[in-house]
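> Structural data only, the sequence is not supplied:
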């Protein structure tokens, strides 16, 4: 996890405006915006447990369907394992659950250690990891165990004999998908592709339910990890397929898999030797990203790792067919989420591959969602069944303005749809549920970050105190957005830039960035 001792220098690229090629569905920035109306939102700053910051942007699913949220917050206690800290601020970090206006500390396995959530189901049950108070002698870092927080209790899911396990996702049946180490030394390391951390022992994907942990095996190599699970109990993740080194990457072939109850199904790739998952829906469709034939390198690839940046495209796997979703004219694309209709969102490079825009892929067509507030880049992070899309507009390295895209667009700044005077500038919207509620990350003028919930003032949320139930049109949104933002939040310092470097992925991904294996990420 990144912290002040581990922050990498961030280079802000100066880019030029590039045209969008014909043949792509795109928003024309020069065309008049169509008449669009939006609801206002009630704004809830969730605060912290006494420390400076709290975070949604490291959690796979911070918001469930009924509107309960989970994230991680700094406490007022300094981390005893500093500088090897989970919190970017090196405070002890505790997971929280917010429900009906109450922020609850979920606790950790030991009183003075850190933990964080990865997913929350419709029943409010949370899975994630917790430090257990031990130091792994093979790495020198604190040990972590996969856990479930349920009914005020914390349940340790155990390991396969090694010093680490990880709870990645949970469904409404209480099934947890994750991975754990065994005690066998590993010849290869899948860690870069299982939330990006190196481990010296073999890892195995698992499904845990009612106290029983099931080893799912691999696709033929030494390691595997399960990262997502749907309501039918189908799990997906990544696995080595063999132990043969590819000269293009220095690693064995990595493919995504689908587990449907009896065996791993190899989902293949788009021709390259590395393909990874990033989403599954309740129809068993899997979304992810794959390198291409020959594993060509790219200045900014969507599978950055110790092998370097690889050119890659987003894909959708549906019942045996793997579809290349393409890009917006550049080298790379990256899928972040899919809904049950099979629509996908993410980011894709424009011609020249120095800039990227958020996209919606639907019915075989990729639509460029544009950017906002003059930012050169954007990234879509989540969508719901109604087609509402949220994410962040950026300088191509750091999110600056949270956005909402709905009803055919255009993209609007969420800062303009919340009451003024909050002191928090929303930089990224990480999740939207089917009720239209939004989990967002914001930055204070001093650079600290807070989590926030946005509850729509609409017919599905009647009688909320302080809600403005009038509608606002797109032109008014543009004017309000400028008035809402703080100048210090628009141009944060290097510390706050580093804190928001990777919001679209799991919060544990940045833990081992001190190894110097990952180049700067783009948003």
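Structure received. Fair warning: this is a prediction, and the values are worked out from it, not measured in the lab.
> where along the stretch 301-450 of the chain do the helices fall?
Here the stretch 301-450 of the chain has no helices by DSSP state H, counting those that start in this stretch.
> Kindly report the same for the chain.
Secondary structure of the chain (DSSP state H): helices located at 474-484, 487-490, 494-499.
> What average pLDDT does the last one get?
This points to helix 494-499. Averaged across helix 494-499, pLDDT comes to 34.
> again with the shortest one
With pLDDT averaged residue by residue, helix 487-490 scores 44.
> Contacts only, for residue 45.
By Cβ atoms under 8 Å, 6 or more residues apart in numbering, the residues touching residue 45 are 422, 424, 442, 450, 451, 452. C-beta coordinates here come from the backbone N, C-alpha and C atoms, glycine included.
> Out of the residues you listed, which two are the most distant from each other?
Pairwise distances across the contacts of residue 45 peak at 12.6 Å for 422 and 451 (criterion: Cβ to Cβ).
> okay, and the common contacts of the two?
Jointly contacting residue 422 and residue 451 under the rule Cβ under 8 Å, 6+ apart are 45, 442.
> Between those two, which has more neighbouring residues?
residue 451 (30 against 18; other Cβ atoms under 10 Å).
> thinking that one is in contact with residue 438, fair?
No. Contact status for residue 451 versus residue 438: not in contact, 11.3 Å apart, counting by Cβ atoms under 8 Å.
> quick one on the thing from earlier: Serialize the contacts of residue 45 to a markdown table and add fields for pLDDT.
Below are the contacts of residue 45 laid out as a markdown table (pLDDT from 0 to 100):
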| residue | pLDDT |
| --- | --- |
| 422 | 83 |
| 424 | 94 |
| 442 | 96 |
| 450 | 97 |
| 451 | 97 |
| 452 | 97 |
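> Which of the residues you listed fall in strands?
442, 450, 451, 452 (DSSP state E).
> about what we covered before: need the residues touching each of residue 451 and residue 438.
Joint contacts of residue 451 and residue 438 (Cβ under 8 Å, 6+ apart) do not exist.
> Now distance to residue 297 too, for the contacts of residue 45, in JSON lines please.
As requested, the contacts of residue 45 are exported to JSON lines (distance: Cβ to Cβ, whole Å):
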{"residue": "422", "distance to residue 297": "43"}
{"residue": "424", "distance to residue 297": "39"}
{"residue": "442", "distance to residue 297": "36"}
{"residue": "450", "distance to residue 297": "38"}
{"residue": "451", "distance to residue 297": "37"}
{"residue": "452", "distance to residue 297": "39"}
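> Can you pull out the residues in contact with stretch 99-113?
With Cβ under 8 Å, 6+ apart, stretch 99-113 has contacts from 44, 46-47, 49, 67-70, 77, 80-81, 92, 94-98, 114-115, 117, 124, 126, 130-133, 142, 145, 147, 149, 154, 156.
> which of those count as buried?
44, 46, 49, 67-70, 77, 81, 92, 94-98, 114-115, 117, 124, 126, 130-132, 142, 145, 147, 149, 154 (16 or more other Cβ atoms under 10 Å).
> Tell me, how many residues neighbour the nearest residue to residue 223 once chain neighbours are set aside?
Spatial nearest neighbour of residue 223, excluding adjacent residues (Cβ to Cβ, 6 or more residues apart in numbering): residue 190 at 3.7 Å. For residue 190, the count of nearby residues is 25 (other Cβ under 10 Å).
> dump the residue contacts of the nearest residue to residue 222 once chain neighbours are set aside.
Distances taken as Cβ to Cβ, 6+ apart put residue 202 closest to residue 222, at 5.2 Å, once the chain neighbours are dropped. Residues counted as contacts of residue 202 (Cβ under 8 Å, 6+ apart) are 162, 181, 182, 184, 185, 186, 222, 223.
> per-residue pLDDT, the nearest residue to residue 181 once chain neighbours are set aside?
Counting by Cβ to Cβ, 6+ apart, residue 162 is the residue found nearest to residue 181 once chain neighbours are left out, at 2.6 Å. You'll see residue 162 listed with a pLDDT of 92.
> What separation do you get for residue 162 and residue 144?
To residue 144, residue 162 is 11 Å away according to Cβ to Cβ, to the nearest Å.
> how about low-confidence regions in the stretch 401-523 of the chain?
Low-confidence segments of the stretch 401-523 of the chain (pLDDT under 70): 474-521.
> what do you get for the chain?
Where the chain drops to pLDDT under 70, the residues are 1-35, 196-198, 474-521.
> Apply 80 and report the result again.
Counting by pLDDT under 80, the chain contains low-confidence ranges at 1-36, 138-139, 195-199, 303-306, 474-522.
> returning to that earlier point: for the contacts of residue 202, which two are the farthest from each other?
Within these, two members stand farthest from each other by Cβ to Cβ: 162 and 222, at 12.9 Å.
> got the contact list for stretch 141-159?
Contact with stretch 141-159 is made by 81, 84, 95, 97, 106-109, 113-115, 117, 125-136, 163-167, 170, 174, 176, 178, 180-182, 208, 211, 213, 512, as judged by Cβ under 8 Å, 6+ apart.
> all strands of the stretch 1-150 of the chain, in order?
Counting by DSSP state E, counting those that start in this stretch, the stretch 1-150 of the chain has strands at residues 25-26, 37-39, 41-45, 50-55, 69-78, 91-99, 102-105, 115-120, 126-135, 142-150.
> Give me the distance between the fourth one and the centre of its chain.
Put plainly, it is strand 50-55. Put simply, strand 50-55 sits 19 Å off its chain's centre (Cα atoms, centre = their mean, to the nearest Å).
> begin at 5 from here
Fine by me, first position is 5 from now on; the one you just mentioned is strand 54-59.
> Walk me through which strands it pairs with, and which way each runs.
strand 73-82 (antiparallel) (DSSP bridges).
> Name the residues of the strand it pairs with that are buried.
Using 16+ other Cβ under 10 Å as the test for burial, strand 73-82 gives 73, 74, 75, 76, 77, 78, 79, 81.
> related to what we said a few turns ago, which of residue 166 and residue 148 has more residues huddled nearby?
Using other Cβ under 10 Å as the criterion, residue 166 and residue 148 rank with residue 148 on top: 28 against 21.
> residues touching residue 431, list them.
Contacts for residue 431 (Cβ under 8 Å, 6+ apart) come out as 396, 403, 404, 405, 406, 445, 446, 447, 453, 493, 504.
> Turn the residues you listed into JSON lines, columns for distance to residue 274.
Listed next are the contacts of residue 431 as JSON lines, based on distance: Cβ to Cβ, whole Å:
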{"residue": "396", "distance to residue 274": "27"}
{"residue": "403", "distance to residue 274": "28"}
{"residue": "404", "distance to residue 274": "32"}
{"residue": "405", "distance to residue 274": "32"}
{"residue": "406", "distance to residue 274": "31"}
{"residue": "445", "distance to residue 274": "31"}
{"residue": "446", "distance to residue 274": "37"}
{"residue": "447", "distance to residue 274": "37"}
{"residue": "453", "distance to residue 274": "36"}
{"residue": "493", "distance to residue 274": "39"}
{"residue": "504", "distance to residue 274": "30"}
